[in-house]
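In: what follows is a predicted protein model with its sequence.
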Protein chains: 2
Amino acid sequence: MAATLGGFEMSLTGDRRAGQPADEPTGGSRPGRRRSARPDRPSATIGRVAEAAGVSRATVSRVMNGSPTVAADLAARVRAAAEALNYEPSLVARSLALGRTSTVSLIVPDLSNPMFQDVLRGLSHAAATRGHRLLVAESNENVAEEAILAVEARRRSDGLVLASPRVPEAELRALSDRLAPLVLVNRDLPGSNVPSLSVDYAAGIAAIVAHLRSLGHRRIVYLSGPAASTSNRERQAALRATCAAEPVCALTELPCGATFDDGHAAARAVLRSGATAVVAFNDMVAFGALSGLHELGIGVPRDLSVTGFDDIPFARYTTPPLTTASIPRNELGRQAWDRLWALLGGGPAGHDVHFQPRLLVRDSTGPVPAGRA
Amino acid sequence: MAATLGGFEMSLTGDRRAGQPADEPTGGSRPGRRRSARPDRPSATIGRVAEAAGVSRATVSRVMNGSPTVAADLAARVRAAAEALNYEPSLVARSLALGRTSTVSLIVPDLSNPMFQDVLRGLSHAAATRGHRLLVAESNENVAEEAILAVEARRRSDGLVLASPRVPEAELRALSDRLAPLVLVNRDLPGSNVPSLSVDYAAGIAAIVAHLRSLGHRRIVYLSGPAASTSNRERQAALRATCAAEPVCALTELPCGATFDDGHAAARAVLRSGATAVVAFNDMVAFGALSGLHELGIGVPRDLSVTGFDDIPFARYTTPPLTTASIPRNELGRQAWDRLWALLGGGPAGHDVHFQPRLLVRDSTGPVPAGRA
DNA sequence: CCGGGCTGGGTAACCAGTTTCTAACAAAGC
DNA sequence: GCTTTGTTAGAAACTGGTTACCCAGCCCGG
């Protein structure tokens, strides 16, 4: 189905060198001691500006920070000197002196998941409005690495947002002090004082099942997400509870994953399960299943109904468009920032929020095929 | 097509407070001077560890950095003291002393574009292998903001990757010294010594046009990207050149954008253009056009052929799957790291790379409709 | 004319690490 | 036994900012 013309060969053009050629073969340019490990690029310091302007470093600092207690002419002289020397205050030194970096970190299990991309965007935007930058790290669904990553990221910044952390609850609880100020997205830590933004997955699953039941489906297969994912556990538990409550609802569970490929690989097992409806852990898995089923010649929703979860941007453009439960991903990021910002100010973080998913019925679900109810 | 059950109401649960309750109503806990702006959380310093272990700060530093010139018993004593005090070296102080932050920055025009998400991922992974973290900022396609963002991001880190910068060439050239070590992705700066990773868009466009011509298309409409985008300029120029070379090729150009919505909004104009094939600036625009055309009852590729550019992950799962030119997005990020790492080490950055796109023919292109050639 | 309040700006003490230089001591060589 | 050499660890000077504190000078009122 996909023809290929040409490969990924690369053409090599030129040979570029580092910014500083080699103007300093061995000895230092300045005769005195040069102990710093800093490569070169002298980059004016506050001291040199002070010297040039004939004032003290304190005054330069005051001018650079817009303190009003400096006479206008002096301020002008300092600004001129700074300009002339191309002075740019060192943010690192400033961070050390102020005890704050104006940076926050975000840890996500998987950057390729649109769910987390939107949290990233929401957080990044919101943080930018307060002059804060964002450090991003990906744990690759690796629980052991996640904790280390979190500690390290936190040390480089003023606060931390953990999106869907896979770390076991006990460990997270033990860690939460070292990580504070900390905000959790898609996870909560009952009894702690860690603010948390979560989604009522049980309600979302209930809505999906109710929808499937209304179409006549009674045999459901669940493509489960990563075992370490609490979202998966919540969705799974809700599904079991909902099905248990309905006497004639048969539930099969297939271990799957969180990615497109996981869903794709599960297509055959889905067929073998004999179910008439597939509830996928998330939209990515649902896409994968859709694709795998299509390759096996199965019509959706004619032969089988499929649902996702998350409503990632492309969910409405698949073939067929995906029935899913929508959650406000950007908003999770934005509100995570609000919480973190409050904590950074030393105040209360505000209410925890439990978002309600919204069922979006599209074309991947339909009536159960005749004779298979 | 999309029914809605329930909205995004949130249920508020509880009221969380900052980590430190209020154990310090007015005065300080320590009687002496407390000048630091740092909220609290005393967090052991190297000095306190040194004191506890009965050694100098220099020795603690040496132990923490694994210097072999410390006697084993002393080292053990220091480690024990550090452990007991929960000591974690301040990365900010360390950065100041070392003159390096072990952080690099990435600036992208639009985080919601899968193209840049993949660059982000590739860069993040590669940087992590060298113990570096990634700072991410989004310019929102805003040229003025981009330059400021770049300077600021660079100041917080050791190096910078600019992905598809929109900044005009003269300004970029002027800035390139302040931004070094700098690597450009999807943009080059001829004659400078800034390493650059680019894609041969002209070749990609030529392949697309050749494909369309082979299907009989002679009237093409181009949905152009952001005016400030050099990728767009390159694609546009290549399209003009290719069409000019073919005597019977009529090219219409419609100002569009880079997003799904831009493409969607262009659907009517596409129809009015009378063209039989749509060449979209990128896959996102192509998706939007696909969706808009579908709503207008136009069959693709029956009535109209559509092509994208980039081959973002979902390109193969649209309706119909999108014919597009694939570029190695992750690889761009990875190689950007290689260049940057080389520059950070003070060495040459290695060769510039000009990647060749790969045409992927899927189902969104077909023969020109009978009677419309 | 003199004392007090206000104001602008310098001094120096921080922030928390790293690293050079040096001194003390032990072992080895003559 | 005394010098030479080699190792350890400490003192102190750096990284580049911020800011509490204080003092000089001015203005003003008594």
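Out: On my side now, so go ahead. Numbers count the residues shown, from 1 in each chain, chains lettered A, B, ... in the order given.
In: backbone dihedrals for the residue lying closest to A:Val185 once chain neighbours are set aside, please?
Out: In this structure, A:Val185 finds its nearest non-sequential neighbour in A:Ala163, 4.4 Å apart by C-beta to C-beta, 6 or more residues apart in numbering or on different chains. The C-beta positions use only the backbone N, C-alpha and C, and glycine is treated the same way. Backbone torsions of A:Ala163, given as degrees, to the nearest 10, read phi -100, psi 130.
In: which ones are touching A:Ala163?
Out: Contact partners of A:Ala163, counting by C-beta atoms under 8 Å, 6 or more residues apart in numbering or on different chains, are A:106-109, A:116, A:119, A:185-186, A:332.
In: just the ones of those in helices?
Out: A:116, A:119, A:332 (DSSP state H).
In: who wins for most neighbours among these?
Out: Tallying neighbours with other C-beta atoms under 10 Å in any protein chain shown puts A:Val119 at the head of the ones in helices among the contacts of A:Ala163, with 26 neighbours.
In: that one and A:Ile327 touch, don't they?
Out: No - using C-beta atoms under 8 Å, A:Val119 is not in contact with A:Ile327, being 10.4 Å away.
In: how about the contacts made by the residue most central in space within chain A?
Out: Residue closest to the average C-alpha location in chain A (C-alpha atoms, centre = their mean): A:Phe116, at 3.6 Å. Contact analysis of A:Phe116 by C-beta under 8 Å, 6+ apart lists A:108-110, A:163-164.
In: quick one: pLDDT of it?
Out: pLDDT, A:Phe116: 92.
In: give me the distance between it and A:Arg268.
Out: From A:Phe116 across to A:Arg268, the span is 29 Å (C-beta to C-beta, to the nearest Å).
In: and the helices in the stretch 1-150 of chain A?
Out: Taking DSSP state H, counting those that start in this stretch as the criterion, the stretch 1-150 of chain A carries its helices at A:46-53, A:57-64, A:72-84, A:91-98, A:114-128, A:143-155.
In: how about the residues of chain A by DNA strand C?
Out: A:33, A:35, A:37, A:55-59, A:69-71, A:74, A:93, A:96-97, A:99 (C-beta under 7 Å from any atom of the strand).
In: change it to 6 Å
Out: A:35, A:37, A:55-59, A:69-71, A:74, A:96-97 (C-beta under 6 Å from any atom of the strand).
In: of those residues, keep whichever come out buried.
Out: Among these, those buried by neighbour count (16 or more other C-beta atoms under 10 Å in any protein chain shown) are A:55, A:59, A:70, A:96.
In: ok, which of these also contact DNA strand D?
Out: Restricting those to those touching DNA strand D (C-beta under 6 Å from any atom of the strand) yields A:Leu96.
In: hang on, the earlier thing: of the ones in helices among the contacts of A:Ala163, which is the nearest to A:Ser214?
Out: Nearest to A:Ser214 among those: A:Leu332, at 29.2 Å, using C-beta to C-beta.
In: quick one: pLDDT of the closest residue to chain B within the stretch 101-250 of chain A?
Out: Nearest residue of the stretch 101-250 of chain A to chain B (C-beta to the nearest C-beta) works out as A:Ala180 at 4.2 Å. A:Ala180 carries a pLDDT score of 85 in this model.
In: against DNA strand C, how distant is it?
Out: Using C-beta to the nearest atom of the strand, to the nearest Å, A:Ala180 is found at 16 Å from DNA strand C.
In: what separation do you get for A:Leu184 and DNA strand D?
Out: Distance check for A:Leu184 against DNA strand D: by C-beta to the nearest atom of the strand, it reads 31 Å.
In: burial check on that residue, number of neighbours?
Out: 26.
In: over to A:Leu340?
Out: When neighbours are counted by other C-beta under 10 Å, A:Leu340 registers 26.
In: gap between it and DNA strand D?
Out: 21 Å.
In: is that residue in a helix, a strand, or coil?
Out: helix (DSSP: H, G, I helix; E, B strand; the rest coil).
In: was I right about it contacting A:Val161?
Out: Yes - counting by C-beta under 8 Å, A:Val161 is a contact partner of A:Leu340 at 6.3 Å.
In: A:Gly351: how many residues sit nearby?
Out: Slight slip there: residue A:351 is His, not Gly. Neighbours of A:His351 using other C-beta under 10 Å come to 16.
In: before we move on, the earlier item: looks like the residue of the stretch 101-250 of chain A closest to chain B contacts A:Leu343 (just checking).
Out: Yes - using C-beta under 8 Å, A:Ala180 is in contact with A:Leu343, at 7.5 Å.
In: same drill for the two, tell me which one is more crowded.
Out: A:Leu343 (27 against 19).
In: not counting residues beside it along the chain, what's closest to that one?
Out: A:Leu343 sits nearest to A:Pro181 (C-beta to C-beta, 6+ apart), 3.7 Å away.
In: what separates the residue of the stretch 101-250 of chain A found nearest DNA strand C from DNA strand D, distance-wise?
Out: Using C-beta to the nearest atom of the strand, A:Arg155 is the residue of the stretch 101-250 of chain A that sits closest to DNA strand C, at 9.8 Å. Computed as C-beta to the nearest atom of the strand, the A:Arg155 to DNA strand D distance reads 17 Å.
In: I'd say that residue and B:Leu91 touch.
Out: Yes - contact criterion C-beta under 8 Å: A:Arg155 and B:Leu91 qualify, at 5.1 Å.
In: all strands of the stretch 201-350 of chain A, in order?
Out: A:219-224, A:250-255, A:277-280, A:305-307, A:324-326, A:350-355 (DSSP state E, counting those that start in this stretch).
In: out of those, nearest to DNA strand D?
Out: Across those, closest to DNA strand D is strand A:350-355 (C-beta to the nearest atom of the strand), at 26.6 Å.
In: can you list the strands that that closest one pairs with?
Out: If you go by DSSP bridges, strand A:350-355 pairs up with strand A:196-199 (parallel), strand B:10-16 (antiparallel).
In: now the element after it, going C-ward?
Out: Downstream of strand A:350-355, the first helix or strand assigned by DSSP states H and E is strand A:358-361.
In: chain center to that next one, what's the gap?
Out: 23 Å (C-alpha atoms, centre = their mean, to the nearest Å).
In: summarise which helices and strands it is packed against.
Out: helix A:201-214, strand A:324-326, strand B:3-5 (3 or more C-beta pairs under 8 Å, 6 or more residues apart in numbering or on different chains; DSSP states H and E).
In: okay, now the sheet partners of that strand, with direction.
Out: When DSSP bridges is applied, strand A:358-361 pairs with strand A:324-326 (antiparallel), strand B:3-5 (antiparallel).
In: any idea of the mean pLDDT for the last one?
Out: By that I understand strand B:3-5. Averaged over strand B:3-5, pLDDT sits at 39.
In: and the first one, by the same measure?
Out: Strand A:324-326 shows a mean pLDDT of 97.
In: go through it and flag the buried ones.
Out: Buried, per 16+ other C-beta under 10 Å, within strand A:324-326: A:324-326.
In: same question, stretch A:170-183
Out: Result for stretch A:170-183 [16+ other C-beta under 10 Å]: buried residues A:172, A:175-176, A:178-183.
In: next: stretch A:296-315.
Out: A:298, A:300-301, A:303-315.
In: list the contacts of whichever residue of the stretch 101-250 of chain A sits closest to DNA strand D.
Out: The nearest approach of the stretch 101-250 of chain A to DNA strand D comes at A:Ser102, 11.5 Å away (C-beta to the nearest atom of the strand). A:Ser102 is in contact with A:95, A:131-133, A:158, counting by C-beta under 8 Å, 6+ apart.
In: now, which of the residues you listed sits nearest B:Ala206?
Out: A:Arg133 (40.3 Å).
In: so the closest one makes contact with A:Leu106?
Out: No - counting by C-beta under 8 Å, A:Arg133 does not reach A:Leu106; the two are 11.0 Å apart.
In: more neighbours: which of the two?
Out: Taking other C-beta under 10 Å, A:Arg133 and A:Leu106 do not tie; A:Leu106 has more neighbours (29 against 24).
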